[in-house]
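1. Please find the sequence and the predicted model below.
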Amino acid sequence: MAEAVYALCAAMSVLCAWLLLRGYRTSRQRLLFWSGLSFVGLGLNSVLLFVDLIMVPQIDLFVWRTGAALLGMVVLLYGLISDSR
């Protein structure tokens with residue numbers, strides 16, 4: 001059951017990133033761009049979580065997972081700050 005939840009979370013994050021970046025391409029709203037890039041990092045985090053816990057549990061990918069999530073959040077924070085000016 002946990003495998004299905006991890007896979008669905010990864011799929012939803014990647015789908016959200018794709019939809020946000022597709023929306024940016026048509027409307028050129030900068031917030032969609034930053035949100036899409038943020039979800040790319042969060043989607044990568046979810047994919048790495050699935051790989052880490054399900055596919056290769058003997059290898060610890062905690063640093064890579066955390067780095068991907070941190071990168072996604074930093075990108076979103078930068079986008080929010082730069083668009084508020």
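-> Right, received. Where do you want to start?
2. got the residue ranges for the helices in this protein?
-> 2-27, 30-50, 62-83 (DSSP state H).
3. Most tightly packed of these?
-> Ranked by average neighbour count under the criterion mean count of other Cβ atoms under 10 Å, the helices of the chain are headed by helix 30-50 at a mean of 21. (Each C-beta comes from the backbone N, C-alpha and C, glycine too.)
4. got the angle for that one vs helix 62-83?
-> In terms of direction (axes from the mean of the first three to the mean of the last three Cα atoms, to 10 degrees), helix 30-50 departs from helix 62-83 by 170 degrees.
5. What values do phi and psi take at residue 57?
-> According to degrees, to the nearest 10, the main-chain angles of residue 57 amount to phi -70, psi -20.
6. What is the neighbour count of it?
-> Counted with other Cβ atoms under 10 Å, the neighbours of residue 57 add up to 10.
7. what residues are up against it?
-> With contacts defined as Cβ atoms under 8 Å, 6 or more residues apart in numbering, residue 57 is in contact with no residue.
8. What pLDDT does the model give it?
-> Residue 57 is assigned a pLDDT of 92 by the prediction.
9. And the pLDDT at residue 84?
-> You'll see residue 84 listed with a pLDDT of 85.
10. And it, how far from residue 36?
-> Here the distance between residue 84 and residue 36 works out to 18 Å (Cβ to Cβ, to the nearest Å).
11. As CSV, the helices of the chain with distance to residue 56 would be great.
-> Below are the helices of the chain laid out as CSV (distance: least, Cβ to Cβ, whole Å):
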stretch, distance to residue 56
helix 2-27, 13
helix 30-50, 10
helix 62-83, 12
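12. Which residues lie in contact with residue 39 in this structure?
-> Residue 39 makes contact with 13-14, 16-17, 20, 72 under the criterion Cβ under 8 Å, 6+ apart.
13. what about 6 Å?
-> Contact partners of residue 39, counting by Cβ atoms under 6 Å, 6 or more residues apart in numbering, are 13, 16-17, 20.
14. nearest to residue 63, of the residues you listed?
-> Minimum separation from residue 63 among the contacts of residue 39 (Cβ to Cβ) is found for residue 13, which lies at 19.3 Å.
15. So the closest one is in contact with residue 40, correct?
-> No: in this structure, residue 13 is not within contact of residue 40 by Cβ atoms under 6 Å, at 8.6 Å.
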